[in-house]
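Student: starting from these lines, generate the structure:
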Amino acid sequence: METSTVLVVGASGFLGNEICKQLRAKNMPVKALVRPATDAAKTEQLTKLGVQVFQGDILNKETLYTAMHGVKIVISTVSSMPFSYKPGENDIQLVDEDGMINLIDACKSTGVNHFIYTSFSKNINLDFPLRNAKRKVEKYLQRSGLTYTILRPSYFMEVWFSAATGFDALKGIVNICGTGTNPIAYISIKDVAKFAVESISNASSNNTTLELGGPQNISPLDAVKIFEDALHHKIEVQHIPMEMLQKQFNSSTDAMQKSFSGLMLCLAFGDQIDMMEVLDNFPTKLTSVKDYINTVLQKQPSRVE
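Tutor: Sure, this is the predicted structure:
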C-alpha cells in the first residue's frame with residue numbers, strides 16, 4: 001500500500017521539526033510549509049532530513065493548494081507565539097485563528113483525509129486571546145467533516161524549564177508562578193511529536209481529542225528539587241505571587257502579553273492530566289522530568305565543580 005504524504009505546517013518550530021524527524025525516521029514522505037521569512041538554516045535542516053519544503057502562508061490559499069498537492073494528512077503545529085509574534089503580520093488573530101480556519105478550509109477543498117491539530121490542555125482555560133483562538137479552531141475542525149485529531153498537551157518541558165520563561169536551573173535561579181505546589185503534567189516536545197506521528201496510523205485517534213501529559217504530575221518546586229539533585233547544587237527560587245500574576249493578567253491589553261500572562265496564571269493553578277486511558281491506546285514510554293534533565297545535562301560542556 002502506498003504511504004500517504006504528510007504536510008507539516010509549522011515545521012520550522014521546535015515541535016514541527018521534531019515531527020518531521022520522526023516521520024522521516026519511518027521513511028514517510030513529508031512536505032513542509034514554511035513562511036518566506038523562515039531562517040534559511042532551519043529550511044536547510046528540513047531539506048537534509050529529506051523533507052520537501054514549500055514557501056507559503058496559511059492565509060494564502062494559492063500557496064496552500066500548491067503544497068497540498070497529493071497530501072492526505074496534515075499536521076499543524078503553527079502558532080504566532082512565543083517567538084515569531086508581530087502585531088498585524090504574525091499575530092494570534094491572523095495566525096492562530098484566521099490562518100488555521102483558512103488551512104482547514106483548504107484541506108476540505110483539496111481532499112485531505114486527516115487533520116491533526118496541536119492545541120493545549122483543557123485546564124488552560126482562562127479568557128485570553130490564544131486560548132480563545134485555539135478553542136474556536138478546535139470547534140471549527142470538529143464541525144468541518146474532516147477526520148480530526150486534536151492534541152492537547154500540557155506545558156512543554158523544553159519551554160517551561162528554560163531561561164526563556166525564567167526557569168534557569170543551570171544558572172541556579174528560577175522564577176516560580178504562585179506557590180509552586182500545584183502539580184503539572186509537564187510533557188516533552190518529543191513525546192507530543194510521538195503522539196502526532198502515531199495518530200496517523202492509530203485508528204483510536206480518529207475524531208478524538210487527546211489530553212497529553214508526562215508520566216507524572218509534578219509540582220514546579222518538586223521539579224526544582226530534581227534539578228538540584230542532578231546538578232548537585234542549590235537553586236535560588238523566586239516566587240511570583242498569585243496577586244501579581246492576576247494583576248498582570250487583568251491589566252494586559254496586548255494580545256500576546258495577555259496570553260502569556262494567562263499561561264503563567266494557569267501554570268500557577270496547576271495542570272493535572274491522567275494519562276492511563278491514552279496510554280492504553282497509545283503504548284509509549286513517556287519522558288519524565290528526571291529523564292529530561294539528564295538529557296539536558298548530557299548536552300552541557302564538562303564543568304569543573
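
Student: where does the prediction get shaky in this protein?
Tutor: Scanning the chain for pLDDT under 70 picks out 1-3, 82-90, 301-305.

Student: how about a cut-off of 80?
Tutor: The chain contains residues with pLDDT under 80 at 1-3, 37, 81-90, 299-305.

Student: just so I have it, where are all the strands in it?
Tutor: Using DSSP state E, the strands of the chain run over residues 5-9, 30-34, 52-55, 71-76, 114-118, 147-153, 167-168, 173-177, 208-212, 236-240.

Student: the helices in the stretch 201-305 of the chain, which residues?
Tutor: All helices of the stretch 201-305 of the chain, identified by DSSP state H, counting those that start in this stretch, fall at 220-231, 242-251, 255-269, 276-281, 289-298.

Student: could you say which of those helices is packed most deeply?
Tutor: Neighbour counts (mean count of other C-beta atoms under 10 Å) averaged over each of the helices of the stretch 201-305 of the chain peak at helix 255-269, with a mean of 21. Yep, even glycine has a C-beta here, placed from its N, CA and C like the rest.

Student: circling back: and of the helices of the stretch 201-305 of the chain, who's closest to Lys72?
Tutor: Nearest to Lys72, of all the helices of the stretch 201-305 of the chain, is helix 276-281, at 21.9 Å by C-beta to C-beta.

Student: now do that closest one: which elements does it pack against?
Tutor: Judged by 3 or more C-beta pairs under 8 Å, 6 or more residues apart in numbering; DSSP states H and E, helix 276-281 is in contact with strand 208-212.

Student: centre of the chain to the strand it packs on, how far?
Tutor: 13 Å (C-alpha atoms, centre = their mean, to the nearest Å).

Student: neighbouring strands of it in the sheet, and parallel or not?
Tutor: Strand pairing for strand 208-212, determined by DSSP bridges: strand 147-153 (parallel).

Student: which residues sit against the strand it pairs with?
Tutor: 113-122, 138, 141-142, 187, 192, 195-196, 199, 205-213 (C-beta atoms under 8 Å, 6 or more residues apart in numbering).

Student: quick one, which of the residues you listed are buried?
Tutor: 114-121, 138, 141, 187, 192, 195-196, 199, 205, 208-213 (16 or more other C-beta atoms under 10 Å).

Student: could I get the helices of the stretch 201-305 of the chain as a markdown table with distance to Leu94?
Tutor: Listed next are the helices of the stretch 201-305 of the chain as a markdown table, based on distance: least, C-beta to C-beta, whole Å:
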| stretch | distance to Leu94 |
| --- | --- |
| helix 220-231 | 33 |
| helix 242-251 | 23 |
| helix 255-269 | 10 |
| helix 276-281 | 32 |
| helix 289-298 | 33 |
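
Student: of these, which approaches Phe54 most closely?
Tutor: Nearest of these to Phe54, taken as C-beta to C-beta: helix 255-269 at 27.2 Å.

Student: just list what that closest one packs against, helices and strands only.
Tutor: helix 129-142, strand 173-177, helix 242-251.

Student: make a markdown table out of these and add distance to Glu158.
Tutor: Formatted as a markdown table, these follow (distance: least, C-beta to C-beta, whole Å):
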| stretch | distance to Glu158 |
| --- | --- |
| helix 129-142 | 18 |
| strand 173-177 | 15 |
| helix 242-251 | 22 |
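
Student: could you verify my assumption that Leu212 touches Ile187?
Tutor: Yes - using C-beta atoms under 8 Å, Leu212 is in contact with Ile187, at 5.8 Å.

Student: what do these two both touch?
Tutor: Pro153, Ser154.

Student: which one is Gln142 nearest to, not counting chain neighbours?
Tutor: Nearest residue to Gln142, sequence neighbours excluded (C-beta to C-beta, 6 or more residues apart in numbering): Tyr148, at 6.4 Å.

Student: who does the one you found form a beta bridge with?
Tutor: Beta bridges link Tyr148 to Phe115, judged by DSSP bridges.

Student: gap between it and Gly262?
Tutor: Counting by C-beta to C-beta, to the nearest Å, the separation of Tyr148 from Gly262 is 25 Å.

Student: Asn132 now?
Tutor: Here the criterion is C-beta to C-beta. By it, Asn132 lies 10 Å from Gly262.

Student: Arg143 too?
Tutor: According to C-beta to C-beta, Arg143 and Gly262 sit 25 Å apart.

Student: now Met81
Tutor: 11 Å.

Student: what do those two both touch?
Tutor: In contact with both Met81 and Gly262: Leu130, using C-beta under 8 Å, 6+ apart.

Student: re the thing from before, deepest of the strands of the chain, which one?
Tutor: Highest mean neighbour count among the strands of the chain (mean count of other C-beta under 10 Å): strand 30-34, a mean of 26.

Student: can you give the contact residues for it?
Tutor: By C-beta under 8 Å, 6+ apart, strand 30-34 touches 5-9, 11-12, 16, 20, 23-24, 42-43, 46, 49-56, 58, 63-64, 67, 71.
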